[in-house]
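S.K.: Just to be clear, the model below is a prediction. Sequence and coordinates:
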Amino acid sequence: MRVFHLRIRDIFLLLFAFIANNFHFVRMANNNMDISTKDLNIKNQNIGNSSSTYKNQSEELGARCPSNLQCHKLTYPCITCNLTNTKCIYGQMMNVTCSALVPCLGSNREFVREMMCRYCYQTEHWEHRCIQKAMCDSVKSPRSYYKTNCTVLPDVICLGKRDFAKRILCNWTGGARWGTALMLSLVLGGFGADRFYLGHWQEGIGKLFSFGGLGVWTLLDVVLISIHHLGPADGSLYI
């Protein structure tokens, strides 16, 4: 009778282990199903975002690119050129295959363009446009440089990114004319008009109330302006 009770206990233990094991597998299956559903939703969302981005890019290109031109006359960003497998020597002229990204005139959307083997940051200064900054001293000695962003012109084909950073010479003007400053220094320099014109307000007030430093300061400013040593207070150049 004792052996019979042990067998019943073993049967209950086996039954409990079987139920617990099945519950574990069902729970894992549900978790895997949830993960698969989330991955599918994320994938569909990424596909939707990609489609929306492509549509926006197409609409932007359609607005920026003319549709009444021959395909071979289009420029960036209305075209794309196959430059991935380009092997060339710097400065060498070569032909590349380009294709139009927007509707254009002509039956053949692919055409051949000639380009020089070089990266975009190696283009000449007249082949790219840079963002000019006015927060530097143009009359500083030695001359100062600043870092800015440049973009290659649409008709230039080059390797690499078309937008790049470059250090350029600080060379800007605020509109002050050298002839006007010199004339004011000669005629009204005793009243500080030249200093006021160039933006040196404190020196101009001092010069006004000292009557041009009894003529000495006036003569000194005439010399400094004539040799371009005295310029606008904002650090810009004369026109």
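M.R.: The structure has been received and is ready for your questions.
S.K.: Show me the helices in the chain, by range?
M.R.: Taking DSSP state H, the helices of the chain run over residues 2-64, 178-188, 193-198, 201-209, 211-214, 216-226.
S.K.: Check the burial of the closest residue to Glu114 other than its chain neighbours by counting its neighbours.
M.R.: Leaving aside its sequence neighbours, Glu114 sits nearest to Asn95 (C-beta to C-beta, 6 or more residues apart in numbering; 5.7 Å). Using the backbone N, CA and C atoms, a C-beta is placed for each residue, glycine as well. A count of nearby residues for Asn95, using other C-beta atoms under 10 Å, gives 9.
S.K.: same deal with Gly212?
M.R.: Residues near Gly212, counting by other C-beta under 10 Å: 22.
S.K.: Same check on Leu198?
M.R.: Applying other C-beta under 10 Å, we find 25 residues neighbouring Leu198.
S.K.: next one: Pro154
M.R.: With other C-beta under 10 Å as criterion, Pro154 counts 14.
S.K.: could you list every residue that touches Cys98?
M.R.: Listed by C-beta atoms under 8 Å, 6 or more residues apart in numbering, the contact partners of Cys98 are 79-82, 110-113, 157.
S.K.: go again using 6 Å as the cut-off
M.R.: 79, 81, 111, 113 (C-beta atoms under 6 Å, 6 or more residues apart in numbering).
S.K.: Please report which of the residues you listed has the highest neighbour count.
M.R.: Ile79 (23 neighbours).
S.K.: Who is that residue paired with across the strands?
M.R.: Taking DSSP bridges as the rule, Ile79 bridges to Ala100.
S.K.: Next, work out how far apart it and Pro232 are.
M.R.: Distance from Ile79 to Pro232, counting by C-beta to C-beta, to the nearest Å: 44 Å.
S.K.: Thank you kindly, that will do.
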